[in-house]
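Participant: the following block contains a protein sequence and its predicted model.
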Amino acid sequence: DFELQCDGNRSGHLQNGEQELDAPVNEDVIRLIAAHLAEIGDKLDKDVQPRDVNDLVQRFLNENFSREEIMQHMSRVVRELAHAIPSDMEQEKFMLVLTMVLTKKVLNTVPSLIQRVISTTENFMNQQFHDYLVEMVSA
């Protein structure tokens, strides 16, 4: 399995020091998808309110919240922000980009949380958008 990174690069699993290639992947397609998602993210950036970001930051900072509780809150925030989905955009794509925008804003606010935020976001995206990401890359 390859994971689509926010910058359009692929993450692979290493076996014996070499990257495993399960299936051929068209790098140009992945770059186009990433560029399109980044463009959408830039447009959505202004829609994410500071209070949403600050609330997420507080949950990440509070070690009493489990990863699952943070992911549930992130899901709630994404669903609430998703009310503004443009009619020409798939819901999954919009929500995926919102997740990435929220993650970026949290990390810009408190960079020291990078490990916890990235790990939690990766798990969240794998739970919520795995099939959609696989479909986008294989299309």
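Facilitator: Sure thing, it's come through.
Participant: count of neighbours near residue 100?
Facilitator: By other Cβ atoms under 10 Å, 18 other residues sit near residue 100. Where you see a C-beta, it was placed from the backbone N, CA and C, and this is true even at glycine.
Participant: what do you get for residue 126?
Facilitator: Neighbours of residue 126 under the rule other Cβ under 10 Å: 12.
Participant: that one: which element?
Facilitator: Residue 126 belongs to helix 114-138 when elements are defined using DSSP states H and E.
Participant: what residues of that helix count as buried?
Facilitator: For helix 114-138, burial by neighbour count (16 or more other Cβ atoms under 10 Å) applies to 116-117, 120-121, 124-125, 128-129, 132-133, 136-137.
Participant: which of the residues you listed lies closest to residue 26?
Facilitator: Proximity of the buried residues of helix 114-138 to residue 26 (Cβ to Cβ) peaks at residue 137, which lies at 8.4 Å.
Participant: picking that back up, what helices or strands is the helix holding residue 126 leaning on?
Facilitator: Helix 114-138 sits against strand 3-4, helix 27-44, helix 50-61, helix 67-81, helix 91-109, with contacts defined as 3 or more Cβ pairs under 8 Å, 6 or more residues apart in numbering; DSSP states H and E.
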